[in-house]
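Peer 1: could you work out the structure for the sequence below:
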Amino acid sequence: MEQTHHCWHHRSRNFAQNLHQSYSIQELLFITGRIALPALSISNSNMRLATNAVLLLFLAAPRVCSACAAWEDCYYPVAGAAGRCAGTGSCSTTPNGRTAVGCAAWESCWYGRCCGSGKCPAPTPTPGPKYNESEALQFVYYSQAAFCTEKAITSWSCGSMCESAPTVAGAVRYIPEGKENGVQGYVAQIPGGSCLVAFRGSLNAKNWYADFAFELKPWPTGDRANASWCQGCYAHRGFAAAYEELRPAMRSYLQELNCSRLVVTGHSLGAAVATIASFDLRAALGFHVAAVWTFGKPRIGNPDFASSYMAAAQQQGVDPPLWRVVHYHDPVPRAPPNIPGVYTVAHSALEVYYNNKESSNYLVCPQVGATENQSAYCTNGWPLYLCVDDNHLTYLNQTFAFKNFPAECKTS
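Peer 2: Have a look, this model is predicted:
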């Protein structure tokens, strides 16, 4: 970084105050979503500064750890290891390098943060479910397959991902794209006696419409409105609408395949739909959802939604309610931004955080109720301005960039 944290902080806060006076919350939310609205006439040179400023204004929160100075964070570079005291400056040299641009003379540069000489205690181990990385990788493949054509899915001949994630022959059903929101998916029997429900992430203009229809609306709706299992729940309008379009076909195929024990999965928008689907399947439709695997999942609903989701899983004896896997600086799990009192949203259940781009190390970050883990060693510990990158398109070193998918997946 060419300037210190204090300098950046001062410039960004001034810029944020100007933005906050000039634009609505909705427009500012679009900035944080990396979408430049036509109504905003901000030059390219100021766009990153503007985005950082908005994020700082709404999301910055100091944290203090024992054994560190009052202005330092406790940063954990390795799972289970003692932490390092991270200062306010950011640095731009190699890990463990002794020359730190933007740090004090007595600090070293530790993975992009200025670190003092103090050490803080290792995070306290929290009893809970054990994360299985091999299992997670298999559901990455199942989630990838949801992007393929109907022919590739129903014949289960979509290339490498279908070869890596087995299904029962002749027992795969394609869920057609919804007319309004354009999401698709499939239901399949998989080895072991379970059925799988998978949903595709964003791929077309209708999907992007669903992504950015972020108003919170009462959920569930229709004949499930005011259900006892989700009192006071509000959900992202676009995600909920996308699921409702697919619900009849999903339910029909689950019955056709005689499914009772389910696993649900998806990436990005597909992860959001998978979350809503798994909630409905557990609480309203009476299916036992043994696991939910999400990759790059955005926030979906208000705290009542998050708490009720966890309660539905607990009633089935499922822990965790879902596996929420996050790849390093993926910005999508930080969206839509939680703005208390204005736009209050929260994730449900724990986070599995891969803390480098290579996905060579991860931390399991527990969550209490609808309060997300704010520890510096999990995803919320990173300044959101660092999360403007392509980490969303890669999970466990497998791509979700459709252009790079095998030709078999795209066969019509």
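Peer 1: burial measure for Arg299, as a count.
Peer 2: By other Cβ atoms under 10 Å, 26 other residues sit near Arg299. For every residue, glycine as well, the C-beta is placed using N, CA and C.
Peer 1: per-residue confidence at it?
Peer 2: Arg299 is assigned a pLDDT of 97 by the prediction.
Peer 1: can you start the count at 388 instead of 1 from here on
Peer 2: New numbering, starting at 388: the last item is Arg686.
Peer 1: the residue nearest to it when sequence neighbours are not counted and Ala622, how far apart?
Peer 2: Spatial nearest neighbour of Arg686, excluding adjacent residues (Cβ to Cβ, 6 or more residues apart in numbering): Val732 at 4.2 Å. Separation of Val732 from Ala622 (Cβ to Cβ, to the nearest Å): 9 Å.
Peer 1: residues in contact with both of the two, list them for me.
Peer 2: Residues touching both Val732 and Ala622 (Cβ atoms under 8 Å, 6 or more residues apart in numbering): Leu603, Ile687, Gly688, Asn689.
Peer 1: helix, strand, or coil at Cys582?
Peer 2: Under DSSP: H, G, I helix; E, B strand; the rest coil, Cys582 falls in the strand class.
Peer 1: need the three-state assignment for the closest residue to it other than its chain neighbours.
Peer 2: Excluding its sequence neighbours, the residue lying closest to Cys582 (Cβ to Cβ, 6+ apart) is Cys646, at 3.5 Å. Judged by three-state DSSP, the three-state class of Cys646 is coil.
Peer 1: would you confirm that Cys646 contacts Gln576?
Peer 2: Yes: here Cys646 lies in contact with Gln576, judged by Cβ atoms under 8 Å, at a distance of 7.3 Å.
Peer 1: find the residues that touch each one of these two.
Peer 2: By Cβ under 8 Å, 6+ apart, the residues touching both Cys646 and Gln576 are Cys582.
Peer 1: now do the helices in this protein.
Peer 2: Along the chain, counting by DSSP state H, helices occupy 392-409, 412-419, 431-446, 520-532, 537-541, 547-551, 592-598, 624-643, 656-670, 690-702.
Peer 1: buried stuff in stretch 580-591?
Peer 2: Across stretch 580-591, burial judged by 16 or more other Cβ atoms under 10 Å covers Ser581, Cys582, Leu583, Val584, Ala585, Phe586, Arg587, Gly588, Ser589, Leu590.
Peer 1: quick one: end-to-end distance for it.
Peer 2: 34 Å (Cα to Cα, to the nearest Å).
Peer 1: could you give the mean pLDDT of that stretch?
Peer 2: 97.
Peer 1: and the helices of the chain, which one is worst for confidence?
Peer 2: Among those, helix 392-409 scores lowest, with a mean of 33.
Peer 1: list the contacts for the residue nearest to Arg686?
Peer 2: Contacts of Val732 (Cβ under 8 Å, 6+ apart): Leu603, His623, Arg686, Ile687, Gly688, Asn689, Pro723, Asn725.
Peer 1: which of the residues you listed lies closest to Gly569?
Peer 2: His623 (15.9 Å; Cβ to Cβ).
Peer 1: how far away is that closest one from Tyr518?
Peer 2: Counting by Cβ to Cβ - His623 and Tyr518 are separated by 26 Å.
Peer 1: measure Cys535 to Ser547 for me?
Peer 2: Note on Cys535: its distance to Ser547, by Cβ to Cβ, is 11 Å.
Peer 1: who has more neighbours out of these two?
Peer 2: Cys535 (28 against 14).
Peer 1: what about His623 and Tyr518, which has more around it?
Peer 2: When His623 and Tyr518 are compared for neighbours, His623 comes out ahead with 27 against 15, by other Cβ under 10 Å.
Peer 1: now do stretch 781-799: distance from first to last residue.
Peer 2: 25 Å.
Peer 1: and the protein, what are its domains?
Peer 2: 392-446, 460-507, 520-797 (automatic domain parsing).
Peer 1: for the stretch 438-587 of the chain, which spans come out with low pLDDT?
Peer 2: For the stretch 438-587 of the chain, the stretches with pLDDT under 70 are 438-515.
Peer 1: and for Thr758, the neighbour number?
Peer 2: Residues near Thr758, counting by other Cβ under 10 Å, number 12.
Peer 1: how about it, nearest residue that isn't a chain neighbour?
Peer 2: Spatial nearest neighbour of Thr758, excluding adjacent residues (Cβ to Cβ, 6+ apart): Ala733 at 7.3 Å.
Peer 1: residues in contact with that neighbour?
Peer 2: Arg686, Gly688, Asn689, Pro690, Phe692, Ala693, Asn725, Ala757, Thr758, Glu759.
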